[in-house]
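Asker: generate coordinates for the sequence data below:
(2 chains)
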There are 2 protein chains.
Amino acid sequence: MQLIRGGITSVPGFLASGIHAGIKKDGRLDLALIYSEQECALSAVMTRNRFKAAPLLLDIQHLKTPKGHAVIINSGNANACTGRQGYQDALEMARLTAMALGIARRRVCVASTGVIGQPLPMDRIRRAIPLAVKALNRRGGLRAAQAIMTTDTFPKTLCLETRLLGRRVRIAGMAKGAGMIHPRMATLLAFVVTDAKISAGLLRLALRKATDRSFNMITVDGDTSTNDMVLCLANGRAMNEPIRRHSQAFDQFTHCLTILCTDLAKLIARDGEGATKLIEINVLRAQDPQQAKGIAFAVAQSSLVKTAFFGEDPNWGRIMAAIGASADGSRIRQDRIDIYYGEIRVTHNGTGCGKGAEARARAYLKRDEVCLTIKLKNGKEAARIWTADLSPEYARINASYRA
Amino acid sequence: MQLIRGGITSVPGFLASGIHAGIKKDGRLDLALIYSEQECALSAVMTRNRFKAAPLLLDIQHLKTPKGHAVIINSGNANACTGRQGYQDALEMARLTAMALGIARRRVCVASTGVIGQPLPMDRIRRAIPLAVKALNRRGGLRAAQAIMTTDTFPKTLCLETRLLGRRVRIAGMAKGAGMIHPRMATLLAFVVTDAKISAGLLRLALRKATDRSFNMITVDGDTSTNDMVLCLANGRAMNEPIRRHSQAFDQFTHCLTILCTDLAKLIARDGEGATKLIEINVLRAQDPQQAKGIAFAVAQSSLVKTAFFGEDPNWGRIMAAIGASADGSRIRQDRIDIYYGEIRVTHNGTGCGKGAEARARAYLKRDEVCLTIKLKNGKEAARIWTADLSPEYARINASYRA
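Answerer: Residues are numbered from 1 along each chain as shown, chains lettered A, B, ... in the order given. Predicted structure coming up:
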C-alpha cells in the first residue's frame, strides 16, 4: 500500500469539477460535482443529529437503492432548518444534475455545508449546475476539494494505492471540516471513491468500520452538525474477483479504507478552526473500550485542556480534573493515573513529577503535533483520538462567521 | 425582603479578613478567613468531580459533625492532585487556624482555589494564618471576597435582609467563579452566612434546594472542577423561634437563600472568563423538567452558540443544531420549535422568520444582558439557566493561566 499524489480523480473512471456558483459572496469555489462514468455501489454514514438537513433527508431516500452515479455538493449554505422548501431545493439540485448528466435522479446524491437556516439561492444554483457538468474532467479532484471548503484553510484530499486480489486498486477521498467536528459525523463532509469491485453491502460494512476508527475519533469543538456525512462510491473498474465477507481481501480493503479515512480525519483535526496544533490523545490500560474512549473525549472536549495546549502549558491538573468530571471516570482511582506529554511523564500515580519534568514537557509542547498519553492502570483496553487546541482565533472565526 | 449594601460581615456575629500571604506572585490578596463569634450550624454542597481536592476531603470529615466556627480559604493554589502531602497541608491549615483562634480544629473548614497539582507553599501559609486572624474585623467582608478571587475581574458579594418569625434576619454571601463553572458545583466557591436560627438538618435541605436552582443552573465552559463547594454557616443570633420543616418560615428562608444564591450565580456567569454578556436561556413547553434542563445546557455549552453571542449574531441555526445534537432532543420535533432573542421571534415552527426579524435580533444582541427563549411545544415544563458568551479572551486567559 502506498500514498500517491492526487485526489479523487486519481481513481480511474471518476471525473470531478469545482466552480463558483455565487453562493459564497467572495468569489471562492462553492459547487462541486463528482461523476462516475459507470454506476457505482454506494454507501453512506450520516450525522446522528436529530435535525438532519434537507439534502440528507433526500439522500436517505436515494440510498434505499444503494447505487450511485454522481454527487453534487454546495458550500456556503447548509440547506438545514429550511423546511419543505429546503427539501424541494435539494430535490431540484439532484434533478438538474441528473438531467444535465443524462442519468436517473435517484442516482444523484446531494450534500450541502455552510450557514444553517437560510434558503439556498436556487436561481444561481440552477444556472451553475450545467456549468459544473461541463467543467467535469479527469484532473478536477483538487478543485472539487476546494469547492466544498467552508472555514477550512486548506483542501483535504488523499489517494492510496494497493494490490487487492491481484489487481491494482485505488481509494481516494476528499473532506471538509474545521469547526463543529465531533464523533458521530459532525460538521464534516467526506467523499471517498474507489475502483475496487465490492458489493454495496460489504462497502457499507467496511465504511462503517473505517468511520468508527477515524471520523468518529476526532473532535474540534464538541458540536455535532445537522449536515454531515461520509459517502463512498465504488465503480468496480479494477475488475478484481469478488470480495467475500470473511476473507483476507475484505480485511485488507477495510484496512486501506480505515487508513485513508484516518488520515483525512487527522487533516480535519489539524485544520480545526483557529487550531495551531494537532493533538493525539491515547488512553491506555482502561477497564473497557468505552471507558477509554469516554475519557479520551472528555479530555479532548475540555475547553480548559484545549486552551492549555494552545498556551503550550503542560497543565496536567486540568487533564486530571477533566477525567474526574467525566462519567467514565467513575471507576478510576486518581492515585494510579500517569500522564505523559510525548515520552515525558509529568504525573505519576496521581501527583506531579516536579518542575524538571514540566519544563521538559513545556519544551515538547512547542511542536505542531503533540501526543498526550493517559495511563489509567485499570485494565487492558485503549483508545486513540485526535483533536485540536482552542485559540482566541476560534472564537474570532465563529463570532463573525455569517458577517 | 431587601438587598442591602455590604458583604458577609453585614451579618451580626461574623468577622472576616483578607490578606496577602504570598501564594499569588503579584501581591494580590490570597488568604481569606471567616470567623463566627459563636459556633454555627454548618452545611455544604460539594463538587461531584470524582477527584476531590484535599481540603474537600478534610471538610467531608469535619462535616460529620455539622458545626462550624471558621473557614480558611486560599486562592492561587487549589491543593488538588497533591496526594497525601496535600491532605496533610489542608489539615495543618485547619489546625493552625484553630490554634490562633482558640477553637477546635474540627470546627474549621478549609477551601482552596487556583492551579491544580502544585504543593501549597506551606511556609508562607504558616506565617500568614496568625496575621489573617489578627486582621479579622467587622468590615472585612469585601477584603475576604477579594482574597478568594482567581481569574475573577470583580469581587462577588451580596446581602439580603428579611423578617422571619418576627425577627430581622440577614443572609449574606461571597463567591468566586469565572472559568470552569458548570452545574454540579464546578470551579466556584461560595460562602453564605446568616444570623437565622436554624437546625443543621434544615439548613442542609434549604442549601441543597437553593443550590439546585442557582449555582447548578450556570455554566461557563462546561468544565467541572476538583475543588468547589458552597458552604453555609448559621449562627442563630437573630434568636427567632425554631424554624420547622413544613412551615411558611422554612419556605421563606429557602426562598431568600435561593434568591441570594441565584444573584451570586448570575454574577459568576457574568464574570465568565473573557465574557462580554450574561445570557439567560429559557426553555419552555418541554415534555419534562429534565428535557428542558438538558436542552438548555446543550445550547449553553455549544461553543458555536457561545461564539455567535459574542459576535452579536442571531445565528439561530446553531441553536437548532445544538438542540438536535443533544440527548434530550430525541423526542422533539424540529418543525414545532420557536426561537426568540428577547421578544423577537426569529424562528417559527423550525424555519427562519426572515431578514427583518434577524436584523431586529441583531440590534437586540448588542445589549450586555440578553435572553434566549426556546419554545419546544412539546409539553408544559420549563428551565432557566445562565451562561456567558465565548470570546477570544477566554482562550487567551486560559492559555496563559499558569504563566
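Asker: mind giving me the domain ranges of chain A?
Answerer: For chain A, automatic domain parsing gives the domain ranges A:2-270, A:278-399.
Asker: mean confidence for the helix or strand encompassing A:Glu161?
Answerer: Counting by DSSP states H and E, the element that carries A:Glu161 is strand A:156-164. For strand A:156-164, mean pLDDT is 96.
Asker: contact partners of that strand?
Answerer: Residues outside strand A:156-164 that contact it (CB atoms under 8 Å, 6 or more residues apart in numbering or on different chains): A:1-8, A:10-11, A:141-142, A:145, A:168-177, A:196, A:238, A:240, A:243, A:249, A:252-253, A:256, A:259-260, A:263-264, A:267-268, A:271. In short, each C-beta sits where N, CA and C put it, glycine included.
Asker: how about a cut-off of 6 Å?
Answerer: Applying CB atoms under 6 Å, 6 or more residues apart in numbering or on different chains, the contact partners of strand A:156-164 are A:1-2, A:4, A:6-7, A:10, A:145, A:169-175, A:240, A:249, A:256, A:260, A:263-264, A:267.
Asker: next one: it to chain centre, how far?
Answerer: Centre-to-centre, strand A:156-164 and its host chain are 16 Å apart (CA atoms, centre = their mean, to the nearest Å).
Asker: next SSE after that strand?
Answerer: Taking DSSP H and E, what comes next after strand A:156-164 is strand A:167-176.
Asker: give me the buried stretch members for that next one, please.
Answerer: Applying a neighbour-count criterion of 16 or more other CB atoms under 10 Å in any protein chain shown, one finds A:Val169, A:Arg170, A:Ile171, A:Ala172, A:Gly173, A:Met174, A:Ala175, A:Lys176 buried in strand A:167-176.
Asker: cool, stretch A:268-279 as well?
Answerer: Under 16+ other CB under 10 Å, the buried positions of stretch A:268-279 are A:Ile268, A:Ala269, A:Arg270, A:Asp271, A:Gly272, A:Glu273, A:Gly274, A:Ala275, A:Lys277, A:Leu278, A:Ile279.
Asker: how about these in CSV, adding pLDDT?
Answerer: Listed next are those as CSV, based on pLDDT from 0 to 100:
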residue, pLDDT
A:Ile268, 87
A:Ala269, 85
A:Arg270, 84
A:Asp271, 84
A:Gly272, 77
A:Glu273, 73
A:Gly274, 77
A:Ala275, 82
A:Lys277, 89
A:Leu278, 90
A:Ile279, 93
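Asker: could you list which of those belong to helices?
Answerer: In helices, defined here by DSSP state H, the members of those are A:Ile268, A:Ala269, A:Arg270.
Asker: go ahead and confirm the last one touches A:Lys277.
Answerer: So the one you mean is A:Arg270. No. With contact defined as CB atoms under 6 Å, A:Arg270 does not reach A:Lys277; the gap is 8.2 Å.
Asker: first-to-last residue distance for stretch A:337-353?
Answerer: With CA to CA, to the nearest Å as the measure, stretch A:337-353 spans 12 Å from end to end.
Asker: and for stretch A:385-399?
Answerer: 27 Å.
Asker: mind checking the pLDDT average for that stretch?
Answerer: 81.
Asker: what does stretch A:344-360 give?
Answerer: 94.
Asker: go on, stretch A:205-224?
Answerer: Mean predicted confidence for stretch A:205-224 is 82.
Asker: mind putting the buried residues of strand A:167-176 into TSV with pLDDT and distance to chain B?
Answerer: Listed next are the buried residues of strand A:167-176 as TSV, based on pLDDT from 0 to 100; distance: CB to the nearest CB, whole Å:
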residue	pLDDT	distance to chain B
A:Val169	97	36
A:Arg170	97	35
A:Ile171	98	30
A:Ala172	98	30
A:Gly173	97	24
A:Met174	97	23
A:Ala175	95	19
A:Lys176	93	16
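Asker: mind putting the residues you listed into CSV with distance to B:Ala128?
Answerer: CSV is the format used below for the buried residues of strand A:167-176 (distance: CB to CB, whole Å):
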residue, distance to B:Ala128
A:Val169, 71
A:Arg170, 70
A:Ile171, 65
A:Ala172, 66
A:Gly173, 61
A:Met174, 61
A:Ala175, 56
A:Lys176, 56
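Asker: which members of those residues are the farthest-apart pair?
Answerer: Farthest pair in the buried residues of strand A:167-176 (CB to CB) is A:Val169 and A:Lys176. Separation: 25.0 Å.
Asker: alright, I will stop here.
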